[in-house]
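[1] take this sequence and fold it.
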Amino acid sequence: MLRDASPRMVDMGGGWGLAPAGWGVGLAALGAAFGQLLGTTPLAVLGATVGAVSGAFAPTIYDAVRDRNRKQDALPATAELVSTHHGPASLLAPDRRVVSFAGREAELAALEAWCADPVGAPMRLVTGPGGVGKTRLMLELAARLGHQWGFVVVTEDQEATALAHWREVTDKPLLLVVDYAETRERLNVLVRSVVGDGGGRVRLLLLARSEGEWWDRLGSGERPVREAHARATVEQMVLSADVAAGVSDADLIDAAVGDFARVLGVEPAPSVVVDADEGRGRMLDLHAAALVGVLTAAQEAGVGAVRVDLGVVLEDLLSHEVRFWLGSAEAAGLCAGPSGLTVTALGQVVAAGTLLGAADRASGVALLGRVPGVPQSVKVAEWLGGLYPAEPGQGWLGGLRPDRLAELHVTRQLAESPELAAGCLTDLDEGQARQALTVLGRASADYEPARELLGRILPLISGVAASLEAPRETLEAISAAIPFPSLAMAEADAIIVGKILATFPAGDRSGEYARWLSLSASLTAQLGRPGEALPVEQQAVTIRRELAELYPDRYRPDLADSLSNLGITFSELGRPNEALPVTQEAVTIYRELAELYSHLYRPDLAASLSDLGIRFWELGRPDEALPAAQEAVTIRRELAGLYPDRYRPDLADSLSNLGITFSELGRPREALPVTQEATTIYRELAELHPDRYRPDLAASLSNLGVYFSQLGRPDEALPVTQEAATIYRELAGLYPDRYRPDLAGSLSNLGIRFSELGRPDEALPATQEATTIYRELAGLYPDRYRPDLAGSLSNLGIRFSELGRPDEALPATQEATTIYRELAGLYPDRYRPDLAGSLSNLGVRFSELGRPDEALPATQEAVTIRRELAGLYPDRYRADLAVSLSNLGAWLSELGRPDEALPATQEAATIYRELAGLYPDRYRADLAGSLSNLGVWLSELGRLDEALPATQEAVTIRRELAGLYPDRYRADLAGSLSNLGVWLSELGRLDEALPATQEAVTIYRELAGLYPDRYRADLAVSLSNLGNRLWELGRPDEALSAEQEAVTIRRELAELHPDLADSLSNLGSTFSELGHPDETDEAAREVSEDLGL
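    Modelled structure (predicted):
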């Protein structure tokens, strides 16, 4: 009789893809054996030239308004209703205040109190999406402050002089306002003047669509600036679309209709009915709906009610504005004759002017040369300048307003006309490039074609970066404009930063020089060159340490920042023992600073504690990582309670890291709820700010899938992993440079989830797509993505193996090993661990092909590497050594060398026993696996009396684990029970062997009912073993039923599982015992056919 119990080999699976949060300005790597390298950081943009955007603009922009546009072509010109000087859209300009201010009483009260407080913070930040009412709120604040306060809107290039000019006249309290603060390059100069002002009370109000890298950089100045920045950060005001409790969108529209009707002389005021999706509309959209309703009612005499679709209301308003252009151009004689300007040309002229602006009339004339078919005419330029004149002190030409309408129009025109796009995005001077990037950058938040346009112009700076010669101020402006992170732009930004560094005198030891050194190091690390980044960051640390000794109050925070970055760089180089002390020093500094200035430095302390937890994890010390991660959560939970808008994202980051730490401690049950809380926060944030937080939501969902998997709940792990992949696919479609790597990582995880559910045919294409993406990325950026390609190839080998295609699995694993060997030659500290993992997988692949003689040297090399690593970092690598020793024992056994297999397996069991004593939650499962293998090798050596207690201990451990985590460990328990039944049988203890085998069958039957693809093969094995046990007990009639069921299953699985002959042989033996010769002969004949005899 055949015995069907054999140990399962340990295969190094693809990385779990855990996405750590809050790694500062560096790159992060976290996960199991082949975890994905996921980066989180900030960076910048300039442009010069671009090709055309192919394809039409979003269909909704045309289809929903095309019919109405046709009808409106026959109506009176909108210009007649407004004036010959201003288009209808100008009525929406906040400074015209056509519509009475409504709502926002709580926000206004807070801002008035801020201004009135004699010890109030000097600076305040108000953020919110375009069109939500930030500018109008600012104007209303100024009106309520009255004549007792001065009010200055600081325009471009006035940052250094605005306050000084005011102080030359009076010490009266002053409110300074900067709109679109995120676009202002010299904002730091203004902030310094405000915090250092010794005159009367001054308040600086910054308006921006969102905070981001610009805000982080603003807080990197001297201590007074940092303190003002910290207060503004925690007191940040985020405007939502909801302006007042109890006031509906319909109420706001009705009020605006009355105001617009009065201004336009439309009587009676029409009734405007708005079609809208669920949720509140932005104030600009509501006012636009009211204005469109009034304009439509004026043109369509006698109409009682006007229906407006809020989803396309800006497109409707734009059609009225176009009619105004046409009316004013006809009045100026620009449309007469065969050479007159068409409506299309007029729209393109307005778009070009809005996108690029013009400093003077000559520039306005030159601008027209960018518009296809339009002459460079002074008359046309003056028409455009009269249409949209610039604000005083802001050049010669302004642009279409409000901004969201301008962004829509510019995007439409450039997306529709390749010639216009090429003309407007080629050969730009610095000012034009900056304005184009500002307009398209803002537009990209709402309009997909703008993202494509923006993406096309950004890489062009790469072509000119190396040859660019400009003063430091210009270079700094360019660097500030490049988005971070952006791999396509990182090389150019690194070159620009290098040029900035070259402008400093030799031997410079200033804080400014150290700041640019640190940024240079971060960019170099982002490019996958941490070896080059290290000495640069070390130089920054040296300078800042010297400065901190001389001026501790000013430079200790900067020193802590550089130490944190240095720790990340050491980590990227695989030198965690050097990363830890510098990270600990950063924590120490921030802790001391937080004790002195709690409101200013507790957020930095929390971030550094998160880094510290990661450093401990990398050294295999998760028990020390846990308190650091928990303290970070505690701090950020307190901050989020006080300032939810500012710190809930940081809390979610720390919760994610805490989940990872619990996971590393083998405590997935505790990892799950904190990660679920993080996911909930990110989901809420993503609903409010999708562009900002959907990537974080996707990362959190990926982690959630890992913990569901660790808890043995693969059916719950799959949908969250699928959702993560869906989000990343959408993001990668919009921003391929930024998110294709994340898409590849999520696809790798998706493959693992399908594999766990026994669906390898679905796991394979996801893994193949991940590999394809990484191969393309590695072709473009080999330093950055060859490691990820190697990890994906390892996963691909596993997927092919699961499908019974070992001949395809082998070359993928060999390629992964080749890449890791090359990388380990360049960066041994960083990549020798990965090489060892890949060699371990290679041994498995050779074994599957029946080539144990080739599996052995690969596994021996893996053991050698991991033994050396475990000698250096025992906490981190002893577990990996145990994995390779287990595999080594398996291959030696296959080669008929069980006497050599035994000591390797015994050493693995010894290591796991020690680790399980320290971290039982993490390693008891591994100990059970090694004990199970030990029982097999002892059995092969005929030492059943020693094999039995090892297997019994494995059963005991797995029974306890299955009681805690049934979904995760019942399958392992069934495997150990099967082995136990075999050893008891061979020891002649048949009555004890039967119940163990029966319990294994029961478990596998239940699992096969839930996951047939995964467990029917195991059920067949256990049924065959059950037939053996019953046959041995002299119960052949009961054995027959078990053997027949095993044959039925294996017949169905014959293509994937070549065990049918074994079951048929067992079945034939049972028929023979029962005296059924015909059935015995039939089974023997089928065995011969199956074996090809």
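[2] any idea how far A724 is from the residue nearest the centre of the chain?
    What sits nearest the mean C-alpha location of the chain, by Cα atoms, centre = their mean, is P695, with 3.6 Å. Using Cβ to Cβ, to the nearest Å, one obtains 10 Å as the distance from P695 to A724. For glycine as for every other residue, the C-beta is placed from the backbone atoms N, C-alpha and C.
[3] next one: P852
    39 Å.
[4] okay, those two: which has more neighbours?
    A724 (29 against 19; other Cβ atoms under 10 Å).
[5] for P736, see how far away the more buried one is.
    Applying Cβ to Cβ, the value for A724 to P736 is 17 Å.
[6] next: A625.
    Using Cβ to Cβ, A625 is found at 34 Å from P736.
[7] neighbour count winner among those two?
    Legend: neighbour count by other Cβ under 10 Å for A625 and P736, higher for A625 (26 against 14).
[8] SS state for that one?
    Here A625 is helix, with the state taken from DSSP: H, G, I helix; E, B strand; the rest coil.
[9] identify the residue nearest it in space, chain neighbours excluded?
    Of all residues not flanking A625 in the chain, F616 sits nearest, at 3.7 Å (Cβ to Cβ, 6 or more residues apart in numbering).
[10] what helix or strand is that neighbour on?
    Here F616, judged by DSSP states H and E, is contained in helix 598-618.
[11] just checking, what packs against that helix?
    Here helix 598-618 touches helix 223-234, helix 552-572, helix 576-596, helix 622-642, helix 644-664, going by 3 or more Cβ pairs under 8 Å, 6 or more residues apart in numbering; DSSP states H and E.
[12] any weak-confidence spans in the stretch 551-700 of the chain?
    Filtered on pLDDT under 70, the stretch 551-700 of the chain yields no residues whatsoever.
[13] give me that answer again for 90
    For the stretch 551-700 of the chain, applying pLDDT under 90 flags the ranges 551, 553-554, 571-577, 596-601, 614, 616-623, 642-647, 662-669, 686-693.
[14] could you tell me the angle between the helix holding F616 and helix 552-572?
    Orientation check (axes from the mean of the first three to the mean of the last three Cα atoms, to 10 degrees): helix 598-618 against helix 552-572 gives 20 degrees.
[15] give me the contacts around the longest strand seen in the chain.
    In the chain, with assignment by DSSP state E, the single longest strand is strand 202-208. Applying Cβ atoms under 8 Å, 6 or more residues apart in numbering, the contact partners of strand 202-208 are 111, 114-115, 120, 122-127, 134-135, 138, 141, 163, 173-182, 187, 190-191, 194, 214-215, 232.
[16] who does the helix or strand following it touch, helix- and strand-wise?
    For strand 202-208, the following helix or strand on the C-terminal side (DSSP H and E) is helix 213-218. Here helix 213-218 touches helix 187-195, helix 223-234, going by 3+ Cβ pairs under 8 Å, 6+ apart.
[17] find the nearest non-adjacent residue to the residue nearest to the centre of the chain, please.
    Leaving aside its chain neighbours, P695 sits nearest to L731 (6.2 Å; criterion: Cβ to Cβ, 6+ apart).
[18] now do E716
    Going by Cβ to Cβ, 6+ apart, E716 has F708 as its nearest residue, at 4.4 Å.
[19] now L757
    Nearest residue to L757, sequence neighbours excluded (Cβ to Cβ, 6+ apart): P714, at 4.9 Å.
[20] that neighbour against E756, yeah?
    Yes - assessed by Cβ atoms under 8 Å, P714 is found in contact with E756 at 4.2 Å.
[21] so which of the two has more stuff around it?
    P714 (24 against 21).
[22] check the gap between that one and A724 for me.
    15 Å.
[23] done for today, thanks.
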